[in-house]
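[1] A predicted structure for the sequence below; I have some questions about it.
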Amino acid sequence: MRPDTYMKIVVLTKQVPDSGLDRSLGADDFTVERASASNVISELDENAIEAAMVLSDAGDAEVTILTVGPDHALETVRKALSMGPDKAVHVQDDAIAGSCAVTTSAVIAAALGKLEYDLVLCAAESTDGGVGGMAQMLGARLGVAAMSGARKLTVDGNKLTVERQTDDGYETLTATTPAVVSVWDSMNTPRYPSLKGIMAAKRKPVETMSLADLGLAPEQVGAAGATSAVVSAEPRPPRSAGQKVVDEGEGGAQLAQFLASEKFV
Amino acid sequence: MAEVFVVANAANKLTYEMLTMARGLGMGDVAVVVLGAPGTADAIADNLAEYGAAKIYAAEDSVLEDFLVAPKAEVLAKLITEHQPAAVLLPSVQEGKEIAARVAVSLDNGLLTEIVGLTGEGVATQPVFAGSTIVTSRVTKGIPLVTVRPNSLTPSPEAATPERVSVPVEVSDQAKLVAVTDRVTEAKGDRPELTEAGVVVSGGRGVGSAEQFSVIEEFADLLGGAVGASRAATDAGYYPHKFQVGQTGSTVSPQLYLAAGISGAIQHRAGMQTSKTIVAINKDDAAPIFDIADFGVVGDLFKVLPQAAETIKKSRQ
């Protein structure tokens, strides 16, 4: 008999090019340049992992990391595991490269269909594509509750309560498991992996799944199955620095003068 | 002729921007889809008429407000299937993107979010990677289904007399899995909305404390602007999270953006670098914010801002 607090949690993580460095699209197919980039775990994913570990620390939960991505995404799977999750599933298939968000959600939904879960946690948006729709896409595909943009999550048995920010305040949402919840960075502060956690992560089981394992055909995914396509990509013309003054007692007056000359006052 | 759908439930600047964009496509008459509680459509009908709405589909039922986005997405997907619009525009804000995401899945239709432009051929312009790259994209499966970023164009009125069409609201149990049990409105004072404001004055780590943010607020009020904050400032608790400008906060594109005590990390620039004019005040001469500022003052914001305010007040007398 499972105790009341027992939950099977799946956390979605994504490997992305470091948003603090220059990023680019491939010149031939306009997909995100991943092979040559300095790749990291998408920032808000760490908040989703932290939310899962808080639940795990408080009760009896099993936390599984689920990643869709190329071979080198395994690096960020290990990084995710170093924060404490128990195991990981890595969906890897060359045919998936070039998938749009809608198609990717079909791959993730198929993978979740192979796993047991009470709660799926993910980021409100990634730092690369930034579509911000994954939780709702998965909710629609799986027919489960989708609560997006959480800044607070409380779990009481199978009852979930989420608080999320709105334009003019906040709202409270309730649902029962199974559910998908996406989180913002306002929810928590992700823990730093301990040395012990990093060592343990190397030995944690990572199961690899292919498209065939998920029952999907190559033409359903990747560029072939994508529902949208990039036509062109250009670097934005860089902004050039304008006038700079050093305040030697008149900086504020000079600022006021600039604002007046630009008709802001 | 086909229609172009614009999804809106409020008479705000973004709604007018979407109406202006939809009219410019030349794809068909603009039909606004209003999804909300009874009375929502009538409350904004005059405003929609002013910006060229030829038709208003009013889907009104409390069930659309009682549960999170899924009922709205169901009703919209059904309307799209029935009327086969040439394109569908939604606001690129939390709810708009969520509705669009569900519609994309249920109709197996492509989705382009955060667009700043759209052509009559359905080619959308999107800034990606924190605005450092501009891509053009198109939906290759289904119709152009897009979410439009605020401040992407200047709205222009064009009077019309919209036909009001009541849409029956039938929602499946599948769409009622997440209940909205409470909505809290927090006092926001007289300042304009952050994403809609023509002037934004933002403070960062250099402001130093929550109390000292008053210097930012006072300057914003002097210029009739909104107050923003960098992530460093919101993480430190100096200012509420909802005012964060940047990759994980709001994206703003005002006429004037004034950054005080903000170094200009890429995470912040992502949310403000398309502003028309950028002004920066920072103690650190090497702060990257100066690289994109039209006017920069190297100095102490607690000296520079009050002196600037004093000068402006004097000039107004």
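    Here it is on my side, so go on. Residues are numbered from 1 along each chain as shown, chains lettered A, B, ... in the order given.

[2] what bridges to B:Glu163?
    With DSSP bridges as the criterion, B:Glu163 is bridged to B:Lys55.

[3] Counting neighbours, what do you get for it?
    For B:Glu163, the count of nearby residues is 12 (other Cβ atoms under 10 Å in any protein chain shown). Every residue, glycine included, has its C-beta placed from N, CA and C.

[4] That one against B:Lys55, yeah?
    Yes. In this structure, B:Glu163 is within contact of B:Lys55 by Cβ atoms under 8 Å, at 4.9 Å.

[5] got a list of what B:Pro155 touches?
    Neighbouring residues of B:Pro155 by Cβ atoms under 8 Å, 6 or more residues apart in numbering or on different chains: B:13, B:16-17, B:19-20, B:51.

[6] Tell me how many other residues surround the residue of the stretch 51-200 of chain A found nearest chain B.
    In the stretch 51-200 of chain A, the residue that lies nearest chain B is A:Gly133 (2.8 Å; Cβ to the nearest Cβ). A count of nearby residues for A:Gly133, using other Cβ under 10 Å, gives 30.

[7] again, but for B:Asp42
    13.

[8] now A:Ser105
    26.

[9] need the contact list for it.
    A:133-134, A:137-138, A:141, B:105.

[10] Pick out the residue of the stretch 51-200 of chain B closest to chain A.
    For the stretch 51-200 of chain B, Cβ to the nearest Cβ, closest residue to chain A: B:Ala101, 2.8 Å.

[11] Ignoring the adjacent residues along the chain, who's closest to that residue?
    A:Gly133 (2.8 Å; Cβ to Cβ, 6 or more residues apart in numbering or on different chains).

[12] Give the residue spans of the stretch 51-200 of chain A that score low on pLDDT.
    Across the stretch 51-200 of chain A, not a single residue meets the criterion (pLDDT under 70).

[13] coming back round to it: the residue nearest to B:Ala101 and B:Ala100, how far apart?
    7 Å (Cβ to Cβ, to the nearest Å).

[14] Find the residues that touch each one of these two.
    B:111, B:113.

[15] Looking at the chain, which helix is longest?
    No chain specified, so I'll use chain A. helix A:43-58 (DSSP state H).

[16] wait, I meant chain B there
    From DSSP H, the single longest helix across chain B is helix B:301-316.

[17] At the geometric centre of chain B, which residue do we find?
    B:Pro150 (3.6 Å; Cα atoms, centre = their mean).

[18] quick one, helices of the chain?
    This is for chain A. Taking DSSP H as the test, the helices found in chain A are A:43-58, A:74-81, A:101-114, A:134-142, A:195-201, A:211-214, A:222-225, A:251-261.

[19] wrong chain, I was asking about chain B
    Counting by DSSP H, the helices of chain B are B:13-24, B:40-50, B:63-66, B:70-83, B:94-107, B:214-222, B:231-235, B:266-269, B:301-316.

[20] These into JSON lines, with extra columns for distance to A:Ala224?
    Shown next, in JSON lines, are the helices of chain B (distance: least, Cβ to Cβ, whole Å):
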{"stretch": "helix B:13-24", "distance to A:Ala224": "31"}
{"stretch": "helix B:40-50", "distance to A:Ala224": "40"}
{"stretch": "helix B:63-66", "distance to A:Ala224": "37"}
{"stretch": "helix B:70-83", "distance to A:Ala224": "25"}
{"stretch": "helix B:94-107", "distance to A:Ala224": "18"}
{"stretch": "helix B:214-222", "distance to A:Ala224": "50"}
{"stretch": "helix B:231-235", "distance to A:Ala224": "39"}
{"stretch": "helix B:266-269", "distance to A:Ala224": "34"}
{"stretch": "helix B:301-316", "distance to A:Ala224": "54"}
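
[21] Quickly, which of those bottoms out on average pLDDT?
    Mean pLDDT per stretch puts helix B:266-269 lowest among the helices of chain B, at a mean of 88.

[22] Any buried residues in stretch A:85-96, and which?
    Judged by neighbour count (16 or more other Cβ atoms under 10 Å in any protein chain shown), stretch A:85-96 contains these buried residues: A:85, A:88-93, A:95-96.

[23] Show only the entries of those found in strands.
    Mapping the buried residues of stretch A:85-96 onto strands (DSSP state E) picks out A:88-91.

[24] what are the bridge partners for the nearest residue in space to A:Leu173 that is not next to it in sequence, then?
    The spatial neighbour of A:Leu173 that comes closest, neighbours along the chain excluded (Cβ to Cβ, 6+ apart), is A:Val162 at 4.5 Å. Here A:Val162 sits in beta bridges with A:Leu153, A:Leu173, as judged by DSSP bridges.

[25] any idea how far A:Val162 is from B:Thr113?
    22 Å.

[26] near chain A, which residues of the stretch 1-150 of chain B?
    Applying Cβ under 8 Å from any Cβ of the partner chain, we find that the stretch 1-150 of chain B lies next to chain A at B:68-70, B:73, B:93-94, B:97-98, B:100-102, B:104-106, B:108-114, B:123, B:127-142.

[27] From these, list just the buried residues.
    Neighbour-count burial (16+ other Cβ under 10 Å) applied to the residues of the stretch 1-150 of chain B next to chain A gives B:68-70, B:73, B:93-94, B:97-98, B:100-102, B:104-106, B:109-114, B:123, B:127-139, B:141-142.

[28] quick check: domain ranges of chain B?
    Listed by automatic domain parsing, the domain ranges of chain B are B:3-176, B:199-316.

[29] out of those domains, nearest to B:Ala187?
    domain B:199-316 (11.7 Å; Cβ to Cβ).

[30] returning to what we had before: what angle do the longest helix of chain B and helix A:251-261 make?
    50 degrees (axes from the mean of the first three to the mean of the last three Cα atoms, to 10 degrees).

[31] quick one: contacts of helix B:301-316?
    Outside helix B:301-316, the residues that reach it (Cβ under 8 Å, 6+ apart) are A:247, A:250-253, A:255-257, A:259-260, A:265, B:203, B:206-207, B:212, B:215-216, B:218-219, B:222, B:260-261, B:281-283, B:297.

[32] Let's see that with 7 Å instead.
    Identification of contacts with helix B:301-316 by Cβ atoms under 7 Å, 6 or more residues apart in numbering or on different chains yields A:247, A:251-253, A:255-256, A:260, A:265, B:206, B:215, B:218-219, B:222, B:260-261, B:281, B:297.

[33] What's the ChimeraX syntax to select whichever of those are buried?
    In ChimeraX, this line selects whichever of these come out buried by 16+ other Cβ under 10 Å:
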select /A:247,251,252,253,255,256,265 /B:206,215,219,222,260,261,281,297
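
[34] How about the contacts made by residue 56?
    Assuming you mean chain A. Residues counted as contacts of A:Ser56 (Cβ under 7 Å, 6+ apart) are A:63, A:84.

[35] I was thinking of chain B, sorry if that wasn't clear
    Here B:Ile56 is in contact with B:32, B:34, B:41, B:45, B:48, B:162, B:164-165 (Cβ under 7 Å, 6+ apart).

[36] how close does it sit to A:Ala51?
    Taking Cβ to Cβ, one finds B:Ile56 at 41 Å from A:Ala51.

[37] next one: A:Ala145
    Distance from A:Ala145 to A:Ala51, by Cβ to Cβ: 16 Å.

[38] Let me know how buried the nearest residue to A:Asp60 once chain neighbours are set aside is, in neighbour terms.
    Of all residues not flanking A:Asp60 in the chain, A:Tyr6 sits nearest, at 4.6 Å (Cβ to Cβ, 6+ apart). A:Tyr6: 12 surrounding residues under other Cβ under 10 Å.

[39] Could you check the pLDDT of the closest residue to A:Asp247 other than its chain neighbours?
    Leaving aside its sequence neighbours, A:Asp247 sits nearest to B:Gly299 (Cβ to Cβ, 6+ apart; 2.7 Å). For B:Gly299, the pLDDT comes out at 97.

[40] List the residues that contact B:Gly299.
    Taking Cβ under 7 Å, 6+ apart, one finds A:246-247, A:251, B:281, B:283 in contact with B:Gly299.

[41] Fine by me, we can end here.
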